[in-house]
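K.L.:
Turn this into a structure:
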Amino acid sequence: MAEKTSLTLLACLISFLGYFGGSIYIAALPELSQVFHVPSGLIKFSISIYFIGLMIGTICSGPFAELFGRMRALTFFLVLSFISALICAFSPAISWFLLGRILEGIGNAGGPILVMAIVADHFEGPFYHKLISFVIIMVSLAPGAAPIFGSIILEYFDWRVLFFVVAVLEAIALGFWLYVRLEPMPVQRKIAETLKEYVFFLTHPSFRYYLLMIGSLYGTFYVFIVLSPYIFRLHYGWRIIDFAWIGLALAFANSLGAFLNKELIEKMTCQKILQIGFAVMTSAFLLLLFFGIPTHALWLLGMVSLFFFGDSLISACLTTDALKLGVHYTSLAASLVNLSKVTLVSIVLLMVPFLPETLGTVMLFIFATLLVCLFGYFKIRKSF
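P.N.:
Below is the predicted model of the structure:
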């Protein structure tokens, strides 16, 4: 029991940090342009390059673990996350900062995937599926919680302290892992067999649409995260400390959606939950669209939070349902789901620096996401 509790805490901590470090400094984006004497587009690119690192880490973590073992691989990625946070904190120029961000993305990608694979090696049944639910909640909570801590820290300290905090948390995760690490498991699958499993998922008639929908939902969330400091601080005149309300609203909406999914999944079908989530997301979009550009920031924040509540409800449902498509290869399915997230986020965030820093840009991505999700839903509804 103690071992399961320790692993649950470890998996939740590592999964939380994988997405916490990516957005903790969001509130400081306008100031960093002045600190490094670069255009705002290049500072926003530091978010994009982080997700490029996540994509690289997601692709490489599996083969790396096969070559060196999952225990050593997880230790390596945790150490890399710690070092990269320090590089960001001590960056003398934008080039060093971008280097630290991409390395941080690589390190943070490997941690959540490998810790889940390690748990899957040693446990199965209800405990593993319960742990997946906890991880989904932590992943949903992290992007919203990060701006809260970031804005509070920025109110009293320099932006570099943000990355010192991340480094300390990574050090705690590393120490915790070295304390509770399990006995190594022999590699049971060969590279050829692993490739066949990849082909199985990527050619599955429904799995590809799950990946497209999950990635689109996550990409739109990060579009709002990146543009929110410009919308709320520059257009509505919010202070840095006020930015904590954005993180609080998003954290509440995301965690509530993931938690509600965890409760409803035992009482109704996934199809019904998807329909509820679509209705919530569509209602939020239409309220923003037909009432025009809101003059009050809290109205905007409320409607966007309502949209992302439906987003989280759907994402959690799609993730758990996608993992069921390959019950014997859950860790591989989880890796591909994570890859779909970081790939779509990387693509849309590469576009963001060239788009207007307005609510209209966010609305455009929300509308596109609704269309993608509706298209995907009609493609997968026969699998329910």
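
K.L.:
quick one: Phe77 from Leu274, how far?
P.N.:
33 Å (CB to CB, to the nearest Å). Just so you know, the C-beta spots here come from the backbone N, C-alpha and C atoms, and that holds for glycine as well.

K.L.:
repeat for Arg101
P.N.:
Counting by CB to CB - Arg101 and Leu274 are separated by 34 Å.

K.L.:
Between the two, which is the more surrounded one?
P.N.:
Legend: neighbour count by other CB atoms under 10 Å for Arg101 and Leu274, higher for Arg101 (28 against 23).

K.L.:
Give the rounded mean pLDDT of the helix or strand where that one lies.
P.N.:
If you go by DSSP states H and E, Arg101 is part of helix 94-122. Averaging pLDDT along helix 94-122 yields 82.

K.L.:
by contact count, what packs against the helix or strand immediately after that helix in the chain?
P.N.:
Later in the chain than helix 94-122, the nearest helix or strand by DSSP H and E is helix 126-156. Helix 126-156 is packed against helix 2-20, helix 94-122, helix 160-180, helix 207-228, helix 244-264, helix 297-324, helix 330-351, with contacts defined by 3 or more CB pairs under 8 Å, 6 or more residues apart in numbering; DSSP states H and E.

K.L.:
buried ones in helix 126-156?
P.N.:
131-154 (16 or more other CB atoms under 10 Å).

K.L.:
Give me the distance from that helix to the chain's centre.
P.N.:
9 Å (CA atoms, centre = their mean, to the nearest Å).

K.L.:
now the stretch 151-300 of the chain, which segments are flagged as low pLDDT?
P.N.:
Along the stretch 151-300 of the chain, the model assigns pLDDT under 70 to residues 181-203, 262, 265-266, 292-295.

K.L.:
run the last query once more with 50
P.N.:
By pLDDT under 50, the low-scoring segments of the stretch 151-300 of the chain are 188.

K.L.:
so which of the helices and strands packed on helix 126-156 comes closest to Phe375?
P.N.:
helix 207-228 (8.0 Å; CB to CB).

K.L.:
Between helix 297-324 and that closest one, find me the angle.
P.N.:
160 degrees (axes from the mean of the first three to the mean of the last three CA atoms, to 10 degrees).

K.L.:
what about dumping the CA coordinates of helix 207-228 to CSV?
P.N.:
What follows is helix 207-228, C-alpha atoms only, in CSV (Å, rounded to 0.1, in the frame of the first residue of the first chain):
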residue,chain,number,x,y,z
PHE,A,207,-7.7,6.2,-32.8
ARG,A,208,-6.4,8.8,-35.3
TYR,A,209,-9.6,10.9,-34.8
TYR,A,210,-9.1,10.7,-31.0
LEU,A,211,-5.6,12.1,-31.5
LEU,A,212,-6.8,14.9,-33.8
MET,A,213,-9.6,16.0,-31.3
ILE,A,214,-7.4,15.8,-28.2
GLY,A,215,-4.6,17.7,-29.9
SER,A,216,-6.9,20.4,-31.2
LEU,A,217,-8.5,21.0,-27.8
TYR,A,218,-5.1,21.3,-26.1
GLY,A,219,-3.7,23.6,-28.8
THR,A,220,-6.6,26.1,-28.5
PHE,A,221,-6.1,26.1,-24.7
TYR,A,222,-2.5,27.2,-25.1
VAL,A,223,-3.4,29.8,-27.7
PHE,A,224,-5.4,31.5,-25.0
ILE,A,225,-2.7,31.0,-22.4
VAL,A,226,-0.1,32.7,-24.6
LEU,A,227,-2.3,35.6,-25.7
SER,A,228,-4.0,36.2,-22.4
